[in-house]
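# Please work out how this folds:
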Amino acid sequence: MNNSCRIAFEARLDYFEGRADSDTRELVSRHIAENCDACKRDLAWLETYLPVLHSAIQPDEQHVSSLALAKATNIMPPKAENAIQRLVAAAHLLFDSRSLNMTFAPARDGPDGSVHVVYRTDTADVDLWQEQTRTGAWYLTGQALSLGVAEMAPPISATLVSTNLDAQLASIENAEFSFESVIAGRYALNLIWDDLEIQVDNLAVGIAEAT
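Here you go, the predicted structure:
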C-alpha cells in the first residue's frame, strides 16, 4: 500500500486545484509527461472525486452523511490497464474517552482538554488523539493500526471535511497523520492508501457528544 510516486499526494492535489506554485506546477507537469502511472491515476481520480464531493455536501446539513461521503469517495478513475481498485471501508466508533467522563467540557488549559477515540473497520483501527491548544483550537493526531499481523503503512493522504469549513489536509510523518489546528465541530475523516480507503464519518472534535 505504499505510494509508488515520489511526488507527494498533497502536491498533486494542489496542482489539480490550481494552488501549486510555479516550481510545483513544473515538477508535476514534467513528471506526468514522463508517464507516471501513480500521478495519472490520482489526477483522474481527483477529477471525478472532488466535484461529486462538493455537490454531495449540502450547506443545510449538520455533518457529512455516510451515504453522501460514500457516494463521493467510492468513485474510481476510469478503468485502465494499471488502475488499482480501492476498497472503501466505513469505520464505526469503538471507544470514546468522553463517554467515561460525563462532565467533559472543552476548556482551555482545563484538566479534560484531551480526548482519545478509536474507530474500527474489519481490518484496521483508527486511533485518534485530540489535544486543545492555547488558541482554543484542537491538535488532532492519529494512526491506522492493522488488526492483522502485518504492520500497516501510513496513508497517502488524510483529509478532514466539514460542511462549513475548507477541507484540511494532514501532515504525515512516519506512521502518524496530524492536523495542527482544528475548530471544534463534526467532521468526516478520509484516509487513503493505494488500494484502501477508510471513512470515519461524524467525527466529533472537541465536543462532548460521542456517537
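
# The chain: helices as residue ranges?
Secondary structure of the chain (DSSP state H): helices at 9-17, 22-33, 37-56, 66-73.

# Could you tell me the least trusted of those?
Mean pLDDT is lowest for helix 66-73 among those, at a mean of 49.

# so what pLDDT did residue 57 get?
In this prediction, residue 57 carries a pLDDT score of 48.

# What of residue 97?
On the pLDDT scale, residue 97 gets 89.

# contacting residues for it?
Neighbouring residues of residue 97 by Cβ atoms under 8 Å, 6 or more residues apart in numbering: 114, 115, 116, 117. In short, each C-beta sits where N, CA and C put it, glycine included.

# got the contact list for the third one?
The neighbourhood of residue 116, defined by Cβ under 8 Å, 6+ apart, consists of 95, 96, 97, 127, 128, 129, 130.

# The fifth one is in contact with residue 120, isn't it?
Okay, so that is residue 128. No: taking contacts as Cβ atoms under 8 Å, residue 128 lies outside contact range of residue 120: 11.9 Å.

# Among the two, which residue is more densely surrounded?
residue 128 (20 against 17; other Cβ atoms under 10 Å).

# For the closest residue to that one other than its chain neighbours, name its beta-bridge partners.
Distance criterion Cβ to Cβ, 6 or more residues apart in numbering; nearest residue to residue 128, sequence neighbours excluded, is residue 142 at 4.0 Å. In this structure, residue 142 bridges to residue 128, residue 177 when assessed by DSSP bridges.

# Tell me the pLDDT of residue 142.
Looking at residue 142, its pLDDT is 96.

# can you count the residues close to it?
By other Cβ under 10 Å, neighbour count at residue 142 equals 26.

# mind listing what it touches?
Neighbours of residue 142 in contact, by Cβ under 8 Å, 6+ apart: 126, 127, 128, 129, 158, 176, 177, 178, 189.

# So it versus residue 44, what's the distance?
As judged by Cβ to Cβ, to the nearest Å, residue 142 and residue 44 stand 28 Å apart.

# low pLDDT regions in the protein?
Applying pLDDT under 70 to the chain flags residues 1-7, 48-85, 101-112, 208-211.

# show me where this structure has strands.
Under the criterion DSSP state E, the chain contains strands at 87-96, 114-120, 124-132, 138-146, 157-161, 168-169, 171-173, 176-182, 185-192, 196-205.

# ok, now which ones touch the nearest residue to residue 24 once chain neighbours are set aside?
Excluding the flanking residues, the one nearest residue 24 by Cβ to Cβ, 6+ apart is residue 11, at 5.3 Å. If a contact means Cβ under 8 Å, 6+ apart, then residue 11 has 20, 24, 27, 28 as its contacts.

# Most neighbours among those residues, which one is it?
For the contacts of residue 11, neighbours tallied by other Cβ under 10 Å; top is residue 28, 21 neighbours.

# Once you drop chain neighbours, what's closest to it?
Per Cβ to Cβ, 6+ apart, closest to residue 28 is residue 15, 4.3 Å.
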